[in-house]
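J.: One predicted model, sequence on top.
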Amino acid sequence: MRFEVNGRVYEGDPEARTSLADFLRHELGLTGTKVGCEHGVCGACTVQVDGEPVRSCLMLAVQARGRSVRTIEGLASPLQEAFHEAHALQCGFCTAGVLMSLDAFVRERESATDEEIREALAGTLCRCTGYLSMIDAVQAVMAGRREAARPD
Amino acid sequence: MKPAKFDYIAPETLDEALALIGEDSRPLAGGQSLVPMLNFRLAQPARLVDLERVEGLSYIEAGSTLRIGAMTRQAALERSALVAERWPLLHQAVRLVGHAQIRSRGTVGGSVAHADPKAELPVALTALDARFHVRSASGARTLSAGQLFRGVLTTALEPDELLVEIEVPALPPRARTAFVEQARTLGDFALAGAAVVLAPGYQAVALLGAAAVPVRAHLPAPLDEIDDPYRRALLAALVDRAIAQAS
């Protein structure tokens, strides 16, 4: 099967039971995607498929045929800088999944309340930060974007 | 936490899919419940028939009734302005299904056919008196919620039958709706919930967590038969809250 990852076309012949997460990590060497609970609860393995955030542990690699997958290795978002500035990560295990989820979240809207950001973060478990610095980082990105869009 | 081996096939037409499914050849919809069960090896089908590429199973169409293709993603239902305007209960309910990352893949039909007693969509569809259109290689039939949902993770669907469409009647004029639930954390499975539809001369309520299947009732909601006092009190409070939101 052929599919695209971060703009590059890959060919492979995964076993039917291989998850997309395992295929990305073990066959393509894209180990930025982390695997936590393997049953769709922790969100660490979140990637984007055709732009939508999905759990790569709950998608079979064979289901990615013809699709466009984006992983943390292919992400270039102001969120990354904002996470750095706001100290929004510590051990980093959840960070890839959080960023791939939030990238889709901030793309869809111009602004968000803290409550909406909390809801967006509910799908990814972080055991270090307490999430507050992540909310600050998202608000910083959205404020920066509004600032940039404002006519002088 | 890896599935047992299985064969995989992704048909592109409904007829092909219907010819393939059976006792040990199970349909795969969005995979947000089935794949965890495979990973835990709670389910070990010999073959999975992936419905993702079957043409004509993903649509939201409204005339006098709302027709939802079984493979419509929950995210598509959530984003539908038409659904939010004319069947707001579905919009209110689908936002509570898992998380955004789950709704990207999860399907409306998959949630119905999985029949988890804690799932929001079966409860909302029960309150709305939806009809469930089912196909097999040899025929077709239509079931009500009461006929479809038989128990925990159990429906009246035969192994060779596939849910293909969900049809929702129009709401009564000037209807207002609400879906409320209590879960330990945002996005977690709900402990209990209530869906209400209120209109002049009309009321319907469906309960989540009152029994092994969604319970459809009129007000006052029949809670006396629930043994667990916490759940009974919780449901009473949730029904009150839902009525207040819909009033």
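T.: Here it is on my side, so go on.

J.: only C-alpha atoms for contact and neighbour calcs from this point on.
T.: Noted.

J.: which residue packs closest to B:Arg52, ignoring adjacent ones?
T.: Just so we're on the same page, residue B:52 is Glu rather than Arg. Nearest residue to B:Glu52, sequence neighbours excluded (C-alpha to C-alpha, 6 or more residues apart in numbering or on different chains): B:Ala29, at 6.5 Å.

J.: how about that neighbour, what does it touch?
T.: By C-alpha atoms under 8 Å, 6 or more residues apart in numbering or on different chains, the residues touching B:Ala29 are B:50-52, B:71, B:106-107, B:109-110.

J.: cool, B:Glu161 as well?
T.: If you count contacts by C-alpha under 8 Å, 6+ apart, then B:Glu161 has B:18, B:21-22, B:134-137 around it.

J.: Can you tell me which of these are buried?
T.: B:18, B:21-22, B:134-137 (16 or more other C-alpha atoms under 10 Å in any protein chain shown).

J.: Go through those and name the one nearest chain A.
T.: Closest to chain A out of these is B:Ile21 (17.1 Å), distances taken as C-alpha to the nearest C-alpha.

J.: quick one: which helix or strand includes the residue nearest the centre of chain A?
T.: In chain A, the centroid-proximal residue (C-alpha atoms, centre = their mean) is A:Met100; its distance is 1.4 Å. Assigned by DSSP states H and E, A:Met100 falls within helix A:95-107.

J.: Put the alpha carbons of that helix into CSV.
T.: Below are the C-alpha coordinates for helix A:95-107, written out as CSV (Å, rounded to 0.1, in the frame of the first residue of the first chain):
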residue,chain,number,x,y,z
THR,A,95,3.8,16.5,24.1
ALA,A,96,3.6,15.1,20.5
GLY,A,97,0.0,14.0,21.0
VAL,A,98,-1.0,17.2,22.7
LEU,A,99,0.6,19.3,19.9
MET,A,100,-1.0,17.3,17.1
SER,A,101,-4.4,17.7,18.8
LEU,A,102,-4.0,21.4,19.6
ASP,A,103,-2.7,22.2,16.0
ALA,A,104,-6.1,21.0,14.7
PHE,A,105,-7.9,22.9,17.5
VAL,A,106,-6.3,26.3,16.8
ARG,A,107,-6.6,25.9,13.0
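
J.: pLDDT on that helix, on average?
T.: Mean pLDDT, computed over helix A:95-107, is 97.

J.: buried ones in that helix?
T.: Buried, per 16+ other C-alpha under 10 Å, within helix A:95-107: A:95-106.

J.: picking that back up, sort out for me which of the contacts of B:Glu161 are in helices.
T.: Applying DSSP state H to those, the entries found in helices are B:Leu18.

J.: Which elements pack onto the lengthiest helix in chain B?
T.: When chain B is scanned for its longest helix (criterion: DSSP H), the result is helix B:229-246. The contact analysis (3 or more C-alpha pairs under 8 Å, 6 or more residues apart in numbering or on different chains; DSSP states H and E) places helix B:229-246 against strand B:176-183, strand B:190-199.

J.: relative orientation of the first one and strand B:190-199 in degrees?
T.: Between the axis of strand B:176-183 and that of strand B:190-199 there is an angle of 170 degrees, by axes from the mean of the first three to the mean of the last three C-alpha atoms, to 10 degrees.
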